[in-house]
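In: Predicted model and sequence follow; I will ask about them next.
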Amino acid sequence: MLPQHRDKLVCDLPGDLAYPYFRGREAAWVLHQRVSGAQRIAALRQGPLSPLIDRPGVRETVRACGDGRLAPGRLLPLADPLRLFEREQWLVADSAAEAAFAALCAADIVPFTVTFDSWYGGDSTEDWHWSQTSRRGANLVVQVNFPDAYTEAFYSGFGPQERAMLEYWHHPVRRDGPITMAWARLDMDPGGEDVLIEEIQTDWLRTLPRAQKALEARRVKSDRSWIIDFVAGTKARYGRIWAEATLLAAIAVARNLLGGRRVWIHQPHTGAKLKRITDRQPPRSIYTDLPRRFCFQPTDRAPDLLYRSRSQAVRRLRRKRQPVFWELDLEAPAI
């Protein structure tokens, strides 16, 4: 996107959003977008969204549907990730909705926040290569931040200098306030229906274990067990959910705040080619296993924004007759 489009988006978006997350919430959200009217559960089990039916929360909701049909309203208590966690606004006189809410209450909810920043890829070939964008221009950054209690715990033992050890200054993370757990970079055209997720990444969860010994050296010898527990607790609580939580935040923003209809993610080889990544490649699982968990579909098509700006590069990739992107349609089909 053009820098002026990115700047307008950042100004128009909320300053921060409450984002209560629990494992499996993405299943309910995707189903809520894709279920049109009361659909037969048996039919859903035979379609591309079938892996989502047996995820926590959704599973309990489906079991409570005595008529064998799943309506979008029955998923609402689980599906809206960017609202405050308030029972009153979700209460529905429906046994399935009550079952879903009970499952949500029983879940281990993590009170993340979402904030926004910008990323400029530059206009020159050198800048474009360094910024790892698929085309010249800017990206919107969706930051998923640790709960306030986590940031407070970190500052109970360390300060800004130690925080700087764990974050790269040139990456789109917060410099103060809540610590950024991970972020996603988004590209789109004004008024377009396609949103391209350029990157999903974390500095903190990659760097913290590597920096453990250096952090231990900054504490008195008798108190080094604190950092050992802090690192272990961070890995246990956030290591397994950070990627799913970040992708859900990104696609919820794309749909609910940007008005996107289709979300795209690079296949690993596509991302490397279009973004000119020639050295260390991003983790392959982020661009394979993660989209599958959300029921993105492999496709040899590409988002419209790249057809217009990188048509020759896209055509070269498509000649290999293999999937070049993952695609998730967020508009419910007509029934």
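Out: Structure's in. What do you need?

In: How much space separates residue 70 from residue 54?
Out: Distance of residue 70 to residue 54, computed by Cβ to Cβ, to the nearest Å: 13 Å. Using the backbone N, CA and C atoms, a C-beta is placed for each residue, glycine as well.

In: Hmm, I typed the wrong one, I wanted residue 174.
Out: 36 Å.

In: do the same with residue 152
Out: 37 Å.

In: Residue 9 now?
Out: Residue 9 is 36 Å from residue 54, by Cβ to Cβ.

In: So between these two, which is more surrounded?
Out: Using other Cβ atoms under 10 Å, the more surrounded residue of residue 9 and residue 54 is residue 9, with 20 against 12.

In: excluding its backbone neighbours, what's nearest the more buried one?
Out: Among residues not flanking residue 9 along the chain, residue 140 sits closest, at 5.4 Å (Cβ to Cβ, 6 or more residues apart in numbering).

In: Am I right that the one you found sits in a strand?
Out: Yes. Counting by DSSP: H, G, I helix; E, B strand; the rest coil, residue 140 is found in a strand.

In: quick one: low-confidence parts of the stretch 51-200 of the chain?
Out: Scanning the stretch 51-200 of the chain with the threshold set as pLDDT under 70 gives 83-107, 121-130.

In: Can you show me the strands along it?
Out: 69-70, 110-120, 138-145, 180-188, 194-201 (DSSP state E, counting those that start in this stretch).

In: Report the buried residues of the second one.
Out: To tie it back to what came earlier, the one meant is strand 110-120. 110, 112-119 (16 or more other Cβ atoms under 10 Å).

In: what about residue 234, which helix or strand?
Out: In this assignment (DSSP states H and E), residue 234 forms part of helix 225-238.

In: picking up where we left off before, who touches the residue nearest to residue 9 in this structure?
Out: 1, 6, 9-10, 116, 118-119, 185-188, 258 (Cβ atoms under 8 Å, 6 or more residues apart in numbering).

In: from those residues, which is closest to residue 169?
Out: Checking the contacts of residue 140 against residue 169 with Cβ to Cβ, the nearest one is residue 119 at 13.7 Å.

In: what number of residues lie near the residue lying closest to residue 35 once chain neighbours are set aside?
Out: Nearest residue to residue 35 in three dimensions, chain neighbours excluded: residue 72, at 5.0 Å (Cβ to Cβ, 6+ apart). By other Cβ under 10 Å, 17 other residues sit near residue 72.
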